[in-house]
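1. 3D model of this:
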Amino acid sequence: MSGAALPSGPPPASGGEAPGGRRAVLVWGVGVSVYFVAVIFRTSLGVAGLDAADRFGINASALSTFSILQLLVYAGMQIPVGLMVDRLGTKKVLTLGVVLFTAGQLGFALSPSYGMALASRALLGCGDAMTFISVLRLGTRWFPARRGPLVAQIAGLFGVLGNLVSTIVVARMLDGLGWTWTFAGSAAAGAVVLVVLLLFLKDHPEGCAPEPVRHAGAAFVRRQIVRSWREPGTRLGMWVHFTTQFPAMVFLLLWGLPFLVEDQGLSRGTAGDLLTLVVLANLVFGLAFGQVIARHHGARAPLALGTVAATAVLWAATLAHPGARAPMWLLAALCVVLGACGPASMIGFDFARPANPPERQGTASGIVNMGGFTASMATLLAVGVLLDATGDDYRIAFSSVFVLQALGITQILRLRARTARRERERLVASRVEAVHVPVV
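-> Residues are numbered from 1 along each chain as shown. So this is what the prediction gives:
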């Protein structure tokens with residue numbers, strides 16, 4: 001990729017560039033708080049997997065179905081949610097999302113059967129799907145375009161903090177309060193952010209309203225999807241997200257704790273500490289990646305591919321270790337590298353953002369966001385099925401990660417040059433247009 005500085009996206013609104021400032025931070029912070037709670041709910045099963053297996057009397061495949069169904073709904077909702085955000089705005093979509101994921105978390109707490117628990121996770125996934133794209137859209141409306149990569153990474157960091165709450169707070173609540181009180185009590189956080197959202201969130205600053213959508217029927221939907229998909233930057237962003245995100249997602253969302261406890265012989269406390277290390281590393285990498293990409297857009301692809309390579313090497317070293325259990329230093333190194341996966345997946349949005357105008361940002365972000373969650377869903381299913389088929393052989397089951405990484409790398413390399421060429425063409429065109437703007 002060219003190392004030249006490229007614009008991180010088009011102006012967010014017809015009324016001029018977003019102003020940023022203290023009010024932008026406060027309004028955007030309301031949206032981020034919704035995403036923060038959504039991630040707590042999404043990842044709470046990651047520390048409750050063994051408890052869920054005991055509560056509902058299910059095997060590994062059935063346990064993985066919880067996360068698979070949740071991610072299936074999440075991934076399937078991304079393009080519809082992107083269209084909804086482009087059409088209805090952030091506040092309406094976020095409000096619906098909060099209602100749905102809070103109802104899902106409460107239903108999960110009270111479910112007496114496996115079937116009802118599955119339905120609750122699906123409802124949670126539907127609401128969760130409406131949060132992150134809305135927050136990205138909110139950022140483009142309230143902050144200047146040059147801040148786009150850093151704002152997106154910081155939003156992702158709040159998701160990481162939500163994951164941290166799951167690995168520390170929810171895990172301890174389960175030990176002390178039990179299943180029902182833990183999940184029902186956490187659902188109260190959804191009610192709190194709903195009230196704050198209704199009182200304080202605003203879609204855009206004064207004077208920065210987007211162009212109204214005059215046609216919102218089937219033709220509009222088709223046009224939004226087709227035009228977004230035709231941009232190589234959108235497709236490259238999706239494959240970057242696909243390839244980078246899923247190893248950490250699979251590890252944190254469900255299979256990390258069982259692997260560390262059942263296969264590596266660690267205590268639940270030590271395993272929880274390693275999961276926390278993934279989250280803390282995510283915070284550090286997120287801040288670093290955001291700063292680097294904001295200054296050097298040419299670093300996007302090298303950072304993404306470097307993260308994939310490091311993840312593959314540490315994953316392979318852990319699984320291929322000759323002893324029955326990998327040494328603690330190797331497990332810690334794996335967890336640190338997994339911490340880079342989330343920030344690397346955010347790079348996908350930095351490819352899609354400059355490729356699409358403001359009125360398609362939600363749709364394009366939805367396409368990108370489908371990538372990692374589709375890969376996570378496929379891997380969760382593969383690991384669960386392989387564990388049942390091999391008698392809980394994690395080395396074979398976890399090797400499924402390499403298949404999806406190979407597929408993703410192939411697509412990234414195929415689209416990388418095409419996207420760079422398209423971005424150069426846009427940059428030249430914008431400079432020519434600026435030269436020919438008449439002086440009034």
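2. okay, now the nearest residue to Arg422 once chain neighbours are set aside: neighbour count?
-> Sequence neighbours aside, Pro232 is the residue nearest to Arg422 in space, at 5.5 Å (criterion: CB to CB, 6 or more residues apart in numbering). For glycine as for every other residue, the C-beta is placed from the backbone atoms N, C-alpha and C. Residues contacting Pro232 under the criterion other CB atoms under 10 Å number 20.
3. thought Thr419 was touching Pro232, still the case?
-> Yes: applying CB atoms under 8 Å, one finds Pro232 in contact with Thr419, separated by 4.5 Å.
4. which residues are common contacts for these two?
-> Counting by CB atoms under 8 Å, 6 or more residues apart in numbering, the contacts common to Pro232 and Thr419 are Ala355.
5. tell me how far the residue nearest to Arg422 lies from Gly31.
-> 29 Å (CB to CB, to the nearest Å).
6. cool, Val250 as well?
-> For Val250 relative to Gly31 (CB to CB), the value is 27 Å.
7. what of Arg422?
-> Distance from Arg422 to Gly31, by CB to CB: 30 Å.
8. and the two? which has more neighbours close in?
-> Neighbours were counted for Arg422 and for Gly31 using other CB under 10 Å; Gly31 has more, 28 against 17.
9. which residues are in contact with the more buried one?
-> By CB under 8 Å, 6+ apart, the neighbours of Gly31 are 90, 94, 134-135, 138, 197, 201.
10. and the helix or strand harbouring Ala52, what other elements does it pack with?
-> According to DSSP states H and E, Ala52 maps onto helix 49-56. The contact analysis (3 or more CB pairs under 8 Å, 6 or more residues apart in numbering; DSSP states H and E) places helix 49-56 against helix 60-88, helix 114-128, helix 256-258.
11. for these, which one sits closest to Ala389?
-> Closest to Ala389 of the helices and strands packed on helix 49-56, according to CB to CB: helix 60-88, at 9.2 Å.
12. any buried residues in that closest one, and which?
-> 60-79, 81-88 (16 or more other CB atoms under 10 Å).
13. for stretch 349-358, same thing?
-> The neighbour-count check on stretch 349-358 (16+ other CB under 10 Å) flags 349-356, 358 as buried.
14. in helices, which of those residues fall?
-> Judged by DSSP state H, helices contain the following of those: 349-352.
15. tell me the one among these nearest to Ser166.
-> Closest to Ser166, out of all of these and judged by CB to CB, is Phe349, at 23.4 Å.
16. who's in contact with Val284?
-> Gly339.
17. per-residue confidence for Arg227?
-> For Arg227, the pLDDT comes out at 92.
18. if I read this right, it contacts Pro357, doesn't it?
-> No: applying CB under 8 Å as the test, Arg227 and Pro357 come out as separate, 9.0 Å apart.
19. ok, back up a step: and which of the ones in helices among the buried residues of stretch 349-358 is nearest Ala218?
-> Of those, the one sitting nearest to Ala218 (CB to CB) turns out to be Ala352, at 23.4 Å.
20. surely the closest one meets Ser365?
-> Yes: taking CB under 8 Å as the definition, Ala352 is a contact partner of Ser365 at 6.5 Å.
21. and the helices in the stretch 301-440 of the chain, which stretches?
-> Using DSSP state H, counting those that start in this stretch, the helices of the stretch 301-440 of the chain run over 328-338, 341-352, 361-390, 394-398, 400-435.
22. run through who's touching the fourth one.
-> Contact partners of helix 394-398, identified using CB under 8 Å, 6+ apart, comprise 255, 259, 262-263, 315, 319-320, 382-384, 386-387, 390.
23. ok, back up a step: and the angle for the helix holding Ala52 with helix 114-128?
-> Relative orientation of helix 49-56 versus helix 114-128 (axes from the mean of the first three to the mean of the last three CA atoms, to 10 degrees): 140 degrees.
24. what residues of helix 49-56 count as buried?
-> Residues of helix 49-56 classed as buried by neighbour count (16+ other CB under 10 Å): 49, 51-53, 55-56.
25. export those to CSV and tack on pLDDT and distance to Ala271?
-> Listed next are the buried residues of helix 49-56 as CSV, based on pLDDT from 0 to 100; distance: CB to CB, whole Å:
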residue, pLDDT, distance to Ala271
Gly49, 80, 11
Asp51, 86, 14
Ala52, 88, 16
Ala53, 86, 15
Arg55, 88, 19
Phe56, 90, 21
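26. from these, pick the one nearest Gly159.
-> Gly49 (19.7 Å).
27. so what's the closest one up against?
-> Gly49 neighbours (CB under 8 Å, 6+ apart): 63, 254-255, 257-258.
28. again, but for Ile347
-> Listed by CB under 8 Å, 6+ apart, the contact partners of Ile347 are 237, 240, 244, 289, 293, 300-301, 303-304.
29. ranking these by neighbours, who comes first?
-> Val240 leads those on contacts (other CB under 10 Å) with 34 neighbours.
30. centre of the chain to the stretch of helix or strand it belongs to, how far?
-> Here Val240 sits within helix 232-250, counting by DSSP H and E. For helix 232-250, the separation from the chain centroid amounts to 10 Å (computed by CA atoms, centre = their mean, to the nearest Å).
31. who are the packing partners of it?
-> Counting contacts by 3+ CB pairs under 8 Å, 6+ apart, helix 232-250 packs against helix 300-319, helix 341-352, helix 361-390, helix 400-435.
32. turn these into CSV, including distance to Leu334 and mean pLDDT.
-> CSV is the format used below for the helices and strands packed on helix 232-250 (distance: least, CB to CB, whole Å; pLDDT from 0 to 100):
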stretch, distance to Leu334, mean pLDDT
helix 300-319, 4, 96
helix 341-352, 11, 93
helix 361-390, 16, 90
helix 400-435, 12, 86
